[in-house]
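>>> Let's see this in three dimensions:
(one chain, ligands or ions: 2)
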Amino acid sequence: MPVSVTVYKNSNGVKCLSTKTKTAYVCNDCGSDYRKWQGQCNDCQAWNTLAEVRLGAATRSSPISRTGFAAAVDGQVKTLAEITLDEIPRISTSVGELDLVLGGGLVPGSVILVGGEPGAGKSTLLLQTLCKLADTESALYITGEESPQQVAMRASRLQLPTDKLEIMAETSVETVCAVAQQKKPKIMVIDSIQVMHMEEVTSAPGSVSQVRESASMLVRYAKQTNTVLILVGHVTKDGSLAGPKVLEHMIDCSLMLEGNSDSQFRTLRSHKNRFGAVNELGVFAMTDKGMVEVANPSAIFLQRGEDVSSGSVVMVVWEGTRPLLVELQALVDDSHLGNPRRVTVGLDHNRLSMLLAVLHRHGGIMAGDQDVFVNVVGGVKVLETSADLALIMAVISSFRDSPLPEDLVVFGEVGLAGEIRPVANGQERLREAAKHGFKHAIIPAGNKPKQPIKGMKVTAVRTVNQALEALS
Ligand code: TYD
Ligand code: MG
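Numbers count the residues shown, from 1 in each chain. Ligands and ions are numbered 1, 2, ... in the order given. Purely as a prediction, here's the structure:
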């Protein structure tokens, strides 16, 4: 058993080193560690997920004085003003939507994690991007899941330039780092981090300790050599990233590629970005030519049939730094159950219940004996409260079986007192709607534009009642 060192605090609260041999037990789901094995993880409540990890011997990289602190080095501490503010040069990926989500391109020395379900198109997107990037920057693609032949076949089928991109099938992190030291790529992709392993860690690839150690070695390499490192990560059944939470702390930018396998559209969303806005949304379509970026996403989510049916309304949601027009559908039908159903797809379930209560109390519309189904078209997930007013309109339209005008667009937050509250970026939302040919908008009074918007009639409302009147 290797000699290991643990850090503990003595009675004065000072960190000390102990040379006792130690093993730790780490939860494979959430990464919490325990001194003893136990059946259930106290943090995430998962059963049978603790695995034994042997801690490696500590290495002292800096001289430690008698006080226990590293010897001071001159010139390390500066005021913020003394730090030179060079604009970080970004490498454009030549994929507009990807650049947008990244906040303007790849930053040298940054680590980006691309997560998503199997078949989402992570490998395809990165292969396409790298093949094009390899023309101007040195790039290395490490494939741990597919053979080089498979990757090459895909590249030639997608008619990508294949003469510059270097590829290697490898799962050992030590070898990857050694090859990278030699080749010095500017951009390196690891597909995927879950299959990578290090020799000195005894647990299986994909386990918490392997993922954590492999990622930290790769991240260290990237930071030291100023390489852009892109890690591909799998997601678990509930949609969170497989592997320890620490992975999310190590990286600079976390992107999620989402989309139903029955729909060709994929959305790329940034959940964390040290170099740009979060919750930025990029839209792609998976076609027989690979991942094609969709430059005007509103246009696809708005593909409505010839005549608009009741229960359908278009709303403007704000995604990161831009507005997006999305269709919302509601279906209200007599319920045969004692407990009528409330089903939402792409929206918060509790929000629907709350809005139905507001509608009853302040709008006099009783849906207590009705099943209510709500769906955001195109598989978009709406996290904003600006969808409230649109949801109420769609429910009423379906309840009365009276279609809303085709050129109507709605947004606004609804409060518990039945008031309609303003939302951020009202002007930009209206302008985007006008660009797509909408001629009438029902919006919160607080969002009423000072100057009229050309070609658009704006109805500003203060309460749910006023909104209902605006419909009739
Ligand atoms: P892939 O990039 O391998 O997904 P991931 O790496 O996220 O697991 O994508 C595989 C899916 O994409 C697969 O279901 C087939 C589909 N696909 C296309 O529809 N068209 C294409 O041109 C390619 C390459 C894949
Ligand atoms: Mg893949």
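>>> Please make it C-alpha for all contacts and neighbour counts, starting now.
OK.
>>> tell me the SS of Leu113?
What DSSP: H, G, I helix; E, B strand; the rest coil gives for Leu113 is strand.
>>> who does it bridge with?
Here Leu113 sits in beta bridges with Leu231, Ser254, going by DSSP bridges.
>>> buried residues in the longest helix seen in the chain?
If you go by DSSP state H, the chain has its longest helix at helix 208-225. By neighbour count on 16 or more other Cα atoms under 10 Å, the buried set for helix 208-225 is 208-216, 218-219, 221-222, 225.
>>> repeat for stretch 91-104
Quick answer for stretch 91-104 (16+ other Cα under 10 Å): 91-93, 95-104.
>>> any chance of those in JSON lines, with pLDDT and secondary structure too?
As requested, those are exported to JSON lines (pLDDT from 0 to 100; DSSP: H, G, I helix; E, B strand; the rest coil):
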{"residue": "Ile91", "pLDDT": "92", "secondary structure": "strand"}
{"residue": "Ser92", "pLDDT": "92", "secondary structure": "coil"}
{"residue": "Thr93", "pLDDT": "91", "secondary structure": "coil"}
{"residue": "Val95", "pLDDT": "90", "secondary structure": "coil"}
{"residue": "Gly96", "pLDDT": "89", "secondary structure": "helix"}
{"residue": "Glu97", "pLDDT": "89", "secondary structure": "helix"}
{"residue": "Leu98", "pLDDT": "92", "secondary structure": "helix"}
{"residue": "Asp99", "pLDDT": "91", "secondary structure": "helix"}
{"residue": "Leu100", "pLDDT": "88", "secondary structure": "helix"}
{"residue": "Val101", "pLDDT": "90", "secondary structure": "helix"}
{"residue": "Leu102", "pLDDT": "91", "secondary structure": "helix"}
{"residue": "Gly103", "pLDDT": "88", "secondary structure": "coil"}
{"residue": "Gly104", "pLDDT": "87", "secondary structure": "coil"}
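>>> can you list the weak-confidence ranges in the stretch 1-150 of the chain?
Low-confidence segments of the stretch 1-150 of the chain (pLDDT under 70): 1-21, 55-75, 87.
>>> Name the residues of it found near ligand 1, please.
The stretch 1-150 of the chain comes close to ligand 1 at residues 118-124, as judged by Cα under 6 Å from any ligand atom.
>>> neighbour-wise, which of these leads?
Counting neighbours by other Cα atoms under 10 Å, Lys122 leads these with 23 neighbours.
>>> and it, what does it touch?
Residues in contact with Lys122 (Cα atoms under 8 Å, 6 or more residues apart in numbering) are 114-116, 232, 257.
>>> Then Ser156?
Counted by Cα under 8 Å, 6+ apart, Ser156 has contacts Thr162.
>>> Who are the packing partners of the biggest strand by length in the chain?
Determined from DSSP state E, the single longest strand within the chain is strand 322-334. In terms of contacts (3 or more Cα pairs under 8 Å, 6 or more residues apart in numbering; DSSP states H and E), strand 322-334 is packed against helix 297-301, strand 312-319, strand 370-376, helix 388-400, helix 426-435.
>>> out of those, which comes closest to ligand 1?
Proximity to ligand 1 (Cα to the nearest ligand atom) singles out helix 297-301 among these, at 18.2 Å.
>>> quick one on the thing from earlier: so what's the gap between the longest strand of the chain and the chain middle?
Offset of strand 322-334 from its chain centre (Cα atoms, centre = their mean, to the nearest Å): 22 Å.
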